[in-house]
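**Student:** dropping the sequence and predicted coords here.
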Amino acid sequence: MAKFSTSEAFMDRLGISLPILQSPMAGVSTPDMAAAVSNAGGLGALGIGAASVGGAEAMIRQTAALTDKPFNINVFCHHPAVSDRQRESVWLRHLAPVFEVFQTTPPKELREIYTSFNVDTDMQAMLLTRRPAVVSFHFGLPPHQVIAALKSSGILLMATATSLVEAKMLEEAGIDVVVAQGWEAGGHRGVFDPRGRDERLGTLELVRGLVTELNLPVVAAGGLMTGADIAGALAAGAVAAQLGTVFIACPESSADAGYRDALLADDPKTEMTAAISGRPARCLSNRFTDWASRVDPEMIPDYPIAYDAGKALNAAAKQAGEAGYGAQWAGQGAAAARPMPTADLMQQLTAELSAAQ
């Protein structure tokens, strides 16, 4: 029988009372948001993949000061970028006309702006010291010795899988819980190899397949926005549901005004693009995704080198009053986003879940 084979057993192991997990959402989630979710009975989360060690530790401390409940710390486990100066130069020249619209020029060269957790020994040591209740991995897995050290510290480990092949790798590595990320999910696609074949499985289809084949609990993630959606994920065999886009419009979110306006517009659409960061990610349709739709994917530099250019372009556009070049990550359920305090949203999701079961 699978470990934590029921939703109740999973929640009991984590010390939560609701099968609702907040997506980490690096750059959007905040200590206030994570604490509000955990205080309401769910599992709050912080994405620290884009943070320095000091910044990440400060976020963890702030969250711990706001709640005595468990919360999740998410890290990025991508292969470190391989710089290709020629490709990066071509990319910058290709972007130059877009920068010119805002009377500026692209950076002279691009940097690897985020360090992978796989090689960030200082971040690894910090988490071993802080010992959050949960650590989750995205884009793959860290070295086996890091997994072993975190597990021996009593930390529950979760990791994203977009296919059965990836999920089997997580099982073999000793991960405790698989987060099944469907094609509908907002933000970065968790594929281990962004240049490999992506099966593009929907959330519930993926959950059903993993539950059948794995001896691990499965959390559903992707396109889930309501209590009824959570109930559907549980009925498919998931022990819990992870929601992200629904929290972006909450006042505790760090999303900027342009991001919020785009999310709350009438009938928002989303697109998968690698042009912003160098890895496939689902974003609200905006001026950047429109431009990117005409780009040869082979031109795009590695993640997160390409993100250096994406961030510079967004900064230039925002300075000129244009919000349509941001990394406005969102899932396919974006139209159901609700601008309300996180605590109120958790209460509403709980009521909807109860009514749907």
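**Tutor:** Received it, and whenever you're ready, just let me know what you need.

**Student:** which residues sit against stretch 349-357?
**Tutor:** For stretch 349-357, contacts defined as CB atoms under 8 Å, 6 or more residues apart in numbering pick out 18-20, 40-41, 226-228, 230-232, 234, 243, 246. Where you see a C-beta, it was placed from the backbone N, CA and C, and this is true even at glycine.

**Student:** and of those residues, the nearest to residue 304?
**Tutor:** Distance to residue 304, by CB to CB, is smallest for residue 243 among those, at 25.0 Å.

**Student:** for stretch 89-98, buried residues please.
**Tutor:** Neighbour-count burial for stretch 89-98 flags 91, 92, 94, 95, 98 (criterion: 16 or more other CB atoms under 10 Å).

**Student:** hang on, the earlier thing: now the contacts of stretch 349-357 in CSV, with secondary structure?
**Tutor:** Listed next are the contacts of stretch 349-357 as CSV, based on DSSP: H, G, I helix; E, B strand; the rest coil:
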residue, secondary structure
18, coil
19, coil
20, strand
40, coil
41, coil
226, coil
227, helix
228, helix
230, helix
231, helix
232, helix
234, helix
243, strand
246, helix
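
**Student:** returning to that earlier point: filter the buried residues of stretch 89-98 down to the ones in helices?
**Tutor:** Counting by DSSP state H, these place 91, 92, 94, 95, 98 in helices.

**Student:** list just the nearest of the buried residues of stretch 89-98 to residue 206.
**Tutor:** So of the buried residues of stretch 89-98, ranked by how close each gets to residue 206 (CB to CB), first place is residue 91, at 32.4 Å.

**Student:** enumerate every residue touching that closest one.
**Tutor:** Going by CB under 8 Å, 6+ apart, residue 91 touches 110, 299, 300, 301, 306, 309.

**Student:** before we move on, what about residue 299?
**Tutor:** Applying CB under 8 Å, 6+ apart, we find residue 299 in contact with 87, 90, 91, 94.

**Student:** how close does it get to residue 285?
**Tutor:** 21 Å (CB to CB, to the nearest Å).

**Student:** with residue 335 instead?
**Tutor:** Relative to residue 285, and taking CB to CB, residue 335 is found at 12 Å.

**Student:** hey, what's in contact with both of these two?
**Tutor:** With CB under 8 Å, 6+ apart, residue 335 and residue 285 have common neighbours residue 268.

**Student:** more neighbours, these two?
**Tutor:** Neighbour comparison, residue 335 and residue 285: the larger count goes to residue 285, with 19 against 16 (by other CB atoms under 10 Å).

**Student:** still on that earlier bit, with pLDDT and distance to residue 239 added, can I get the contacts of residue 299 in TSV?
**Tutor:** Below are those laid out as TSV (pLDDT from 0 to 100; distance: CB to CB, whole Å):
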residue	pLDDT	distance to residue 239
87	97	42
90	97	46
91	98	42
94	97	45
